[in-house]
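Undergrad: My questions are about this predicted structure, shown below with the sequence.
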Amino acid sequence: MTTSSTPPPSTPGAPHPPGPVRRLTARGRDEAHRVSSPLELFFDLCFVVAVAQAGVQLVHAVAAGHPGTGVLNYAMLFFAIWWAWMNFSWFASAYDNDDVLYRVVTLVQIAGVLVLAAGVSRAFQQHDFLTVWLGYVIMRVAMAAQWLRAARTAEGGERGAALRYAGGVLVCQVGWAGLVVLPPPARPWVFLVMAIAEMCVPLFAERGYETSWHPHHIAERYGLFTIIVLGETISAATVAVKSAVDEHSALGELLPIAAGGLLIVFSAWWIYFVVPIHGHLRSSGRAFLWGYGHYLIFASAAAIGAGLEVAVEETVGSAHISTAAASAAVTVPTALYLLTVWVLHARHFKVGVAQQLVLPVTALLVLCCTFLGGGSVLAAGLVCAAAVATGVILTARANRRERTASTGIPAG
């Protein structure tokens, strides 16, 4: 992440020297044509396995009438998944040299997240975090090894930052052991303390030196993960509808949920990608808030899929909750997603009160849809689609006014 001074200049786009193992040196922040690598895309896909497992368990908890416990466990496990993904993504943006050793260590991190995913159900159902913790150990020790490797070839402030990152990661990993050894009532407090400690590591590590992450690359990495999470949401909802149709033949009751869910997900994609965000990330403080704030974007996007599954189960009589509660499982994460995207993205590019109010008002209307009974999900989807249409119209009008002002020729 970012906090202070500027890294030393690097040669943008400089080719790596030949050889299977190369020096792990910082890449240039102004490097041209910087895009996500195939290894990074593979990394994201494997992480979504853990996201899917967390979503499945959230569905079971909410459908069984335990939303409080389910949301708390989901928040804890999703933080572990998201934080490990984010640590890798920012490190890769600054240091990825794509040599054999870098690839092998990254594959070890992927193995760690698969171990974590295997332990998600036990963590949810039995509060047994041992497997999750072991997966996290694999991921974080590999991450610390990457930082130590970067420190080996660095000098001065860069070397100090890399060593502080490695030390912070390892110390925090010891703290996470509290989820295994302490009694269940203490574990939410352990999570809270350790989450704060983890988020302070970049502040501590980058004091006096700022790693050379690439704004366009980081924006693309976050955008791609958003797409993958939304895709997982569609997949989960599709499977839920198919299972319900096969078992209950309730197609008429399920079509509004399917249609509303698709409108919500399509609108979520449109709203997130309507403007390029990388230009906004050139400020250290902005990038810091933006990167951390995506916890809510990712978590709420994945929770929308879980909510759609809950709505399907309630419709066919498999969930032990009310229709309003099932609807809230969709509308609440949708509203949270809209508000967070507005705070982190949209508000920086909106001109005038009308444009600024579109997403906050949409979030409020989506919440109001909770109380519309069986048509809640469809109504929420229509509201989201209307918000997209409204945003397009307002932007087009603003662009016409701008062209008129600049040319002096009335738009016609």
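TA: Nice, thanks for sending it over.
Undergrad: Buried residues of the host helix or strand of V245, list them for me.
TA: Using DSSP states H and E, the element containing V245 is helix 215-248. Residues 215-226, 228-234, 236-237, 240-241, 244-245 are the ones in helix 215-248 that count as buried (16 or more other C-beta atoms under 10 Å). Every residue, glycine included, has its C-beta placed from N, CA and C.
Undergrad: Please state the offset of that helix from the chain centre?
TA: Helix 215-248 sits 12 Å away from the centroid of its parent chain (C-alpha atoms, centre = their mean, to the nearest Å).
Undergrad: Which strands and helices lie in contact with that helix?
TA: helix 38-63, helix 67-95, helix 251-273, helix 284-315 (3 or more C-beta pairs under 8 Å, 6 or more residues apart in numbering; DSSP states H and E).
Undergrad: Quick one: list the elements packing against the first one.
TA: The contact analysis (3+ C-beta pairs under 8 Å, 6+ apart) places helix 38-63 against helix 67-95, helix 100-118, helix 120-126, helix 215-248, helix 284-315.
Undergrad: same deal with the third one?
TA: If contacts are counted by 3+ C-beta pairs under 8 Å, 6+ apart, helix 251-273 sits against helix 215-248, helix 284-315, helix 323-344, helix 376-407.
Undergrad: Give the buried residues for that helix.
TA: So for helix 251-273, counting by 16+ other C-beta under 10 Å, buried means 254, 256-258, 260-272.
Undergrad: Let me know which of the helices and strands packed on helix 251-273 is the nearest to R140.
TA: Comparison of these against R140 by C-beta to C-beta identifies helix 284-315 as nearest, at 17.4 Å.
Undergrad: pretty sure C369 contacts T331?
TA: Yes - with contact defined as C-beta atoms under 8 Å, C369 reaches T331; the gap is 5.5 Å.
Undergrad: Tell me who's in contact with the residue most central in space within the chain.
TA: Central residue of the chain (C-alpha atoms, centre = their mean): F298, 2.9 Å from the mean position. Contact analysis of F298 by C-beta atoms under 8 Å, 6 or more residues apart in numbering lists 51, 78, 82, 225-226, 229.
Undergrad: and it, what pLDDT?
TA: Confidence at F298, expressed as pLDDT, is 94.
Undergrad: again, but for P410
TA: What the model reports for P410 is a pLDDT of 55.
Undergrad: V274 - how many residues pack around it?
TA: 15 (other C-beta atoms under 10 Å).
Undergrad: which non-adjacent residue is nearest it?
TA: Counting by C-beta to C-beta, 6 or more residues apart in numbering, V274 lies nearest to G391, which is 6.9 Å off, once chain neighbours are set aside.
Undergrad: Can you give me the distance of the one you found to H345?
TA: Distance from G391 to H345, counting by C-beta to C-beta, to the nearest Å: 12 Å.
Undergrad: cool, A324 as well?
TA: Applying C-beta to C-beta, the value for A324 to H345 is 30 Å.
Undergrad: Looking at these two, which is more packed in?
TA: H345 (22 against 15).
Undergrad: so who does A166 touch?
TA: Listed by C-beta under 8 Å, 6+ apart, the contact partners of A166 are 144-145, 147-148, 151.
Undergrad: Ok, V100 next?
TA: Per C-beta under 8 Å, 6+ apart, neighbours of V100: 20-21.
Undergrad: What confidence value was assigned to it?
TA: In this prediction V100 is given a pLDDT of 92.
Undergrad: Equivalent analysis for G307, please.
TA: Confidence at G307, expressed as pLDDT, is 92.
Undergrad: quick one: contacts for it?
TA: When contacts are counted by C-beta under 8 Å, 6+ apart, G307 touches 62, 326, 328-334.
Undergrad: could you point out which element follows the one helix or strand C172 maps to?
TA: C172 is part of helix 156-176 when elements are defined by DSSP H and E. On the C-terminal side of helix 156-176, the closest following helix or strand by DSSP H and E is helix 178-181.
Undergrad: circling back to that earlier point, columns pLDDT, neighbour count and distance to E158 on top of the contacts of G307, output as TSV?
TA: Supplementary listing: these in TSV, determined by pLDDT from 0 to 100; neighbours: other C-beta atoms under 10 Å; distance: C-beta to C-beta, whole Å:
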residue	pLDDT	neighbour count	distance to E158
V62	90	29	46
A326	91	27	52
A328	94	23	48
A329	93	31	46
V330	95	30	46
T331	96	29	47
V332	96	20	43
P333	96	26	40
T334	96	32	42
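Undergrad: Would you mind giving those residues as JSON lines with distance to V316 added?
TA: As requested, these are exported to JSON lines (distance: C-beta to C-beta, whole Å):
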{"residue": "V62", "distance to V316": "15"}
{"residue": "A326", "distance to V316": "11"}
{"residue": "A328", "distance to V316": "18"}
{"residue": "A329", "distance to V316": "15"}
{"residue": "V330", "distance to V316": "16"}
{"residue": "T331", "distance to V316": "20"}
{"residue": "V332", "distance to V316": "22"}
{"residue": "P333", "distance to V316": "21"}
{"residue": "T334", "distance to V316": "22"}
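Undergrad: now, among those residues, which is nearest to Q356?
TA: T334 (19.5 Å).
Undergrad: Point out where this protein drops to low pLDDT.
TA: Applying pLDDT under 70 to the chain flags residues 1-19, 247-250, 278-280, 282-285, 346, 405-412.
Undergrad: residues in contact with the closest residue to A52 other than its chain neighbours?
TA: The shortest distance from A52 to any non-neighbouring residue, by C-beta to C-beta, 6+ apart, is to E232 (5.5 Å). For E232, the contacting residues are 48, 51-52, 55, 302, 305, by C-beta under 8 Å, 6+ apart.
Undergrad: could the contacts of F298 go into a markdown table alongside distance to L170?
TA: Below are these laid out as a markdown table (distance: C-beta to C-beta, whole Å):
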| residue | distance to L170 |
| --- | --- |
| V51 | 25 |
| F78 | 23 |
| W82 | 20 |
| F225 | 25 |
| T226 | 30 |
| V229 | 29 |
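Undergrad: So V49 is in contact with L114, correct?
TA: Yes - using C-beta under 8 Å, V49 makes contact with L114 at a distance of 6.4 Å.
Undergrad: Can you name the residues that contact T323?
TA: 314, 373-374, 376.
Undergrad: Looking at those residues, spot the one nearest V358.
TA: Nearest to V358 among the contacts of T323, counting by C-beta to C-beta, is S376 at 21.1 Å.
Undergrad: check contacts around the closest residue to that closest one other than its chain neighbours.
TA: The shortest distance from S376 to any non-neighbouring residue, by C-beta to C-beta, 6+ apart, is to S327 (3.5 Å). Residues counted as contacts of S327 (C-beta under 8 Å, 6+ apart) are 311, 369-373, 376-377.
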